[in-house]
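Peer 1: the sequence and its predicted three-dimensional model are supplied below.
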Amino acid sequence: MRLGCALLVGVLIGACGLAAGSAWVAPRLFQEPQIAAAAGTAEDGVRCQQKIFELATGGRLGKGGAMRPVALSEPELNAFLSRHLVEAARIPLSAASVRLVGDGVVELKGQMPLRRALAIPELLSIRWLEQPIWVHLGARASLEVDAARKQRRYLRLDIERFALGRQQIPSVLARLMVSSAIVNQLRWRLPDTVEAITVEPRVLVIRTAS
């Protein structure tokens with residue numbers, strides 16, 4: 001077991017009362033984090049799907065022949081995630097929501113089994129590791145262009161803050177502890193026509209080439 005994982009497991013065991021637990025830390029681990037994200041409706045979800053299809057098919061021309069940027073609102077993204085995240089990301093994440101903070105920063109939360117949230121070996125068999133826990137992270141979004149793979153475009157999210165429930169995990173430890181199930185979903189393939197991604201308050205703007 002990696003050192004960071006071993007340290008966190010020790011902390012969690014203590015916090016859950018299986019060792020010298022902390023009455024202050026334990027409740028925070030399983031409390032739902034507060035995130036002021038705008039929920040979406042079924043109509044928002046349909047609009048998000050239409051815009052994603054528009055992106056995949058090359059975008060839409062505006063006046064003067066220039067490509068129109070595609071703007072995904074926070075309610076549209078949340079409506080889409082609530083219905084399609086599990087099938088798209090293939091991870092058991094429920095009640096997911098996203099807040100578009102602005103200045104490139106995205107805030108996300110969702111609930112998943114503790115074992116899937118952390119890099120914990122399967123051989124460590126402890127029943128409460130299967131308990132659902134809230135994952136809360138802040139990340140900076142950027143457009144990554146992979147020169148080694150024919151200029152393929154990716155939406156990349158770099159974790160800046162990570163918490164379990166309302167318990168903040170130090171960034172040094174978080175980099176060691178976050179599971180591959182989460183890390184692997186922080187890089188999403190984009191159409192090759194995408195030229196820029198901007199996270200503004202409550203809206204994600206994607207610009208494509210003509």
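Peer 2: Everything's here; your move. As the structure is a prediction and not an experimental result, all values here were calculated from the model.

Peer 1: can we go C-alpha only for contacts and neighbour counts from here?
Peer 2: Fine.

Peer 1: can you pull the pLDDT of the residue nearest the centre of the chain?
Peer 2: In the chain, the centroid-proximal residue (Cα atoms, centre = their mean) is residue 108; its distance is 5.1 Å. Turning to residue 108, the model gives it a pLDDT of 93.

Peer 1: could you look up the SS state of the nearest residue to it once chain neighbours are set aside?
Peer 2: Computed as Cα to Cα, 6 or more residues apart in numbering, the closest residue to residue 108 that is not its neighbour in sequence is residue 98, at 4.5 Å. Under DSSP: H, G, I helix; E, B strand; the rest coil, residue 98 falls in the strand class.

Peer 1: surely residue 98 and residue 105 touch.
Peer 2: No - using Cα atoms under 8 Å, residue 98 is not in contact with residue 105; the gap is 10.7 Å.

Peer 1: comparing these two, which residue is more hemmed in?
Peer 2: residue 98 (24 against 21; other Cα atoms under 10 Å).

Peer 1: dump the residue contacts of the more buried one.
Peer 2: Residue 98 is in contact with 37, 74, 77-78, 106-109, counting by Cα atoms under 8 Å, 6 or more residues apart in numbering.

Peer 1: what about the helices in the protein?
Peer 2: Ranges of helices in the chain, per DSSP state H, are 3-15, 25-29, 42-56, 74-89, 114-117, 171-177, 180-183.

Peer 1: comparing those helices, which yields the minimum mean pLDDT?
Peer 2: Note on the helices of the chain: lowest mean pLDDT is at helix 3-15, with a mean of 52.

Peer 1: please name the nearest non-neighbouring residue to residue 49.
Peer 2: Counting by Cα to Cα, 6+ apart, the nearest residue to residue 49 once its immediate chain neighbours are dropped is residue 80, at 7.2 Å.

Peer 1: returning to that earlier point: enumerate every residue touching the residue nearest to the centre of the chain.
Peer 2: Counted by Cα under 8 Å, 6+ apart, residue 108 has contacts 96-99, 136-138.

Peer 1: redo that, cut-off 10 Å
Peer 2: Shown in contact with residue 108 (Cα atoms under 10 Å, 6 or more residues apart in numbering): 33, 35, 37, 96-100, 135-139, 162.

Peer 1: list the buried residues for the lengthiest strand in the chain?
Peer 2: Across the chain, the strand with the greatest residue count (assigned by DSSP state E) is strand 132-146. Within strand 132-146, the residues that count as buried by 16 or more other Cα atoms under 10 Å are 132-145.
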